[in-house]
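> Have a look; sequence and predicted model below, questions after that.
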Amino acid sequence: MYLPNPDEHPALPRTVFSAGAGAPLARAPLAGALTADAVIIGGGFVGVSAALHLAEAGRPVVLVEANEIGWGSAGRNAGHVSPDATKLGPRRLAEVYGPVYGPRLAAVGAGAPQFVTDLARRLGIDVAVVRGGILTAAHSAAAARRLEADIRFLDGSGAPVEFLPAAAVEALFGTRTYFGARLDRRGIAINPLAFVRGMARAAIARGALVHERSPMRRLVRTGDGWEVVTDGGSVRAGHVLLCTNAYTDDRCWPGLRRSIVPVRLYLGWTRPLPAALRAEILPGIAAMLDTRHLPVAMRLHGDGRLQFGAGRPGFGPEQEPAARAYLDQIKRIMPALAPAEIEGWWSGWVTRGIADGWRLHELAPGLVTAIGCNGRGVAMGPIMGRELARYVGGTPAADLIVPLSPVRGIPWYSFHQPLGRAAIGVFGLLDRLGTRN
C-alpha cells in the first residue's frame with residue numbers, strides 16, 4: 001500500500017506559488033535533548049498555527065517537521081479560501097456535528113476568509129489576497145437545485161451569496177455547459193505557501209523552536225509526559241500535538257491512519273495569458289469550481305497565469321498527469337482560452353475522512369490531533385491549530401468549535417486504494433452523464 005510519506009524529495013516542487021512565497025526557512029534539524037511545554041509534529045497549516053498561538057500565549061513549544069515548512073498539503077494546494085468549514089454544506093453541518101457544534105462550526109467557517117486576512121495582516125504576511133468571491137457552477141440541473149437550496153437556507157443571515165441563472169453563467173463563461181451557479185462573495189484566494197511560511201516565521205519570532213528535516217521516529221510515553229524522538233535528537237513535553245493529516249502513518253498513533261483516506265490531487269498552470277484575454281477570465285471573481293464529482297477548478301493569478309486542476313485524483317506515486325486533456329476540457333467550457341499553453345504542474349495529498357469534515361481527537365492524556373481537512377485546509381487548518389493550542393492551554397473541550405471524539409477506523413480501509421480507483425471511474429461516468437454538452 002502506497003502512503004504519502006514515501007514522497008521524500010529534498011524540496012518542494014516548483015508551483016505557481018513559488019515565486020511569491022519568499023525564501024524557505026532553512027531551519028536546522030533537531031539536535032540533542034530538549035524540553036518544552038508542547039511538541040508539535042508537522043509543519044503544515046495546523047502545526048504552524050498551533051505553534052504560533054502557543055508561543056503567543058508564552059508557552060515553550062518545539063515543532064518538528066519531516067521535510068520543510070509547507071512541504072506537504074500547505075504548500076501544494078490551490079489556495080482557495082472558502083467560507084464553508086467543510087464540504088458538507090450549511091444544511092448538513094447540524095446533522096453531522098449536532099445542534100451545538102454544527103452552528104458553531106458553520107459560523108467559524110463563514111468567517112474563515114476574514115480570519116485569514118486578519119491574521120496575515122496582523123503578522124505582516126503578504127499572501128497576495130484576491131477578492132471577489134468563489135463561484136460554484138452547477139454541472140447538472142440537480143446540482144443547480146442543491147445550490148439554490150443552500151442559498152435559501154442562508155436567507156436572512158446577511159451572507160453575500162447569490163444564485164446566478166444559466167444565462168448569467170453563459171455570459172460570464174461564454175458557454176452553455178452550466179445550469180446555474182452560486183457566487184459567495186466572502187470567498188477569497190491567496191498564496192498558501194507564503195501564508196504557512198509567514199506564520200512559521202512569526203511563531204519563531206515569538207519564541208517557538210522550529211526544526212526541519214526532523215522526522216519523528218518514535219513517540220514514547222514517559223510518566224506524566226511524552227518524548228518525541230527524531231534522528232538527531234529528542235523532545236520531552238507534557239503535550240504532543242499530532243498535526244500530520246494526510247501524512248499520518250502508524251508511527252504517529254495506532255489506528256489513526258485508518259480513519260482517513262489520503263488522495264493525491266494534481267494542479268497545473270499556464271503561461272501568462274495575453275493582456276486582452278485576462279479581463280475576460282473570471283472577471284471580478286477570485287476562483288471557481290464546479291459541482292462535478294471530479295470538479296473543474298481554476299483561478300487567474302495577477303501575472304496572467306491560469307491555475308487549473310490538471311489530472312484525475314490518484315492513490316499511488318506521482319505520475320505525469322493528463323494536464324493537456326484537462327486544459328482542453330477547460331477550453332471547451334471557456335472557448336476564449338484557446339491560446340492558453342501549459343507551463344507546469346504539481347501534485348499533493350489531501351485527506352478524506354468518514355464525516356467529510358474536521359475532527360479533534362484526544363488519543364491519550366496530553367496527546368491530541370486535528371485531522372480530516374477534506375479540501376478545507378487553507379483557512380480551517382490554521383483555525384484548527386488555534387483550537388489545539390486553546391485546548392492544551394486549558395480551554396474546556398465544550399468550548400471548542402468541534403467536539404472531542406473517538407477515532408473511528410474506516411471498515412474497508414485495507415481496500416481503499418482499489419475501491420477508490422473504481423469510484424473515480426464511476427464518478428467520471430456520472431459527471432459525463434450529468435453534464436450538458
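Done, it's in.
> Just to check, Y97 is in contact with G357?
Yes: Y97 is within contact range of G357, at 7.2 Å (criterion: Cβ atoms under 8 Å). Every residue, glycine included, has its C-beta placed from N, CA and C.
> intersection of neighbour lists for the two?
Shared contacts of Y97 and G357 (Cβ atoms under 8 Å, 6 or more residues apart in numbering): 105, 402.
> where along this structure do the helices fall?
45-56, 93-110, 112-123, 141-154, 166-173, 192-205, 275-278, 323-333, 377-392, 416-434 (DSSP state H).
> List the buried residues of the shortest one.
Applying a neighbour-count criterion of 16 or more other Cβ atoms under 10 Å, the buried positions in helix 275-278 are 277-278.
> Just the mean pLDDT for it, thanks.
Per-region confidence: helix 275-278 scores 89 on mean pLDDT.
> can you give me the offset of that helix from its chain's centre?
30 Å (Cα atoms, centre = their mean, to the nearest Å).
> Determine which of the helices of the chain approaches V16 most closely.
helix 192-205 (9.8 Å; Cβ to Cβ).
> any weak-confidence spans in the stretch 101-250 of the chain?
Residue ranges of the stretch 101-250 of the chain with pLDDT under 70: none are present.
> 80 instead, please
Across the stretch 101-250 of the chain, the ranges flagged by pLDDT under 80 are 156, 174.
> Grab the nearest non-local neighbour of H211.
Spatial nearest neighbour of H211, excluding adjacent residues (Cβ to Cβ, 6 or more residues apart in numbering): L30 at 4.0 Å.
> actually L294, sorry about that
Closest to L294 by Cβ to Cβ, 6+ apart is F427, at 5.4 Å.
> do you know how far the one you found is from H139?
Remark: distance between F427 and H139 (Cβ to Cβ, to the nearest Å) = 12 Å.
> the more surrounded of the two?
Per other Cβ atoms under 10 Å, whichever of F427 and H139 has more neighbours is H139, with 23 against 16.
> isn't the more buried one right next to L289, touching?
No: using Cβ under 8 Å, H139 is not in contact with L289, being 10.4 Å away.
> List the contacts of G393.
54, 57, 59.
> Please name the residues that touch the residue nearest the centre of the chain.
Using Cα atoms, centre = their mean, the residue of the chain that lies closest to the mean C-alpha position is G377, 2.6 Å off. By Cβ under 8 Å, 6+ apart, G377 lies in contact with 44-46, 73-74, 77, 245, 350.
> Have a look at those and tell me the least confident one.
V350 (87).
> Mind putting the contacts of G377 into a markdown table with neighbour count and distance to G132?
Listed next are the contacts of G377 as a markdown table, based on neighbours: other Cβ atoms under 10 Å; distance: Cβ to Cβ, whole Å:
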| residue | neighbour count | distance to G132 |
| --- | --- | --- |
| G44 | 29 | 27 |
| F45 | 31 | 23 |
| V46 | 32 | 27 |
| S73 | 27 | 24 |
| A74 | 30 | 23 |
| N77 | 24 | 19 |
| N245 | 30 | 29 |
| V350 | 23 | 24 |
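> And the average pLDDT for stretch 383-396 is what?
So the average pLDDT for stretch 383-396 ends up being 97.
> mind saving the C-alpha coords of that stretch as CSV?
C-alpha atoms of stretch 383-396 as CSV (Å, rounded to 0.1, in the frame of the first residue of the first chain):
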residue,chain,number,x,y,z
ILE,A,383,-8.2,27.6,12.9
MET,A,384,-7.9,24.0,14.0
GLY,A,385,-4.3,24.6,15.0
ARG,A,386,-5.6,27.5,17.1
GLU,A,387,-8.2,25.2,18.7
LEU,A,388,-5.5,22.6,19.6
ALA,A,389,-3.5,25.4,21.2
ARG,A,390,-6.5,26.6,23.2
TYR,A,391,-7.3,23.1,24.4
VAL,A,392,-3.8,22.3,25.7
GLY,A,393,-3.8,25.8,27.2
GLY,A,394,-6.8,24.9,29.4
THR,A,395,-9.8,25.8,27.3
PRO,A,396,-12.6,23.3,28.2
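> For that stretch, what is the distance to the chain centroid?
On Cα atoms, centre = their mean, the centre of stretch 383-396 falls 19 Å from the chain's centre.
> what comes up buried for that stretch?
Going by 16+ other Cβ under 10 Å, stretch 383-396 has these buried residues: 383-392.
> can you give me the strands for the stretch 251-400 of the chain?
260-270, 287-290, 297-300, 306-314, 342-353, 359-364, 367-371 (DSSP state E, counting those that start in this stretch).
> so which of those gets nearest G232?
strand 367-371 (22.6 Å).
> measure V402 to G393 for me?
17 Å.
> For the residue nearest to L294, list the residues it contacts.
Contacts for F427 (Cβ under 8 Å, 6+ apart) come out as 292-294.
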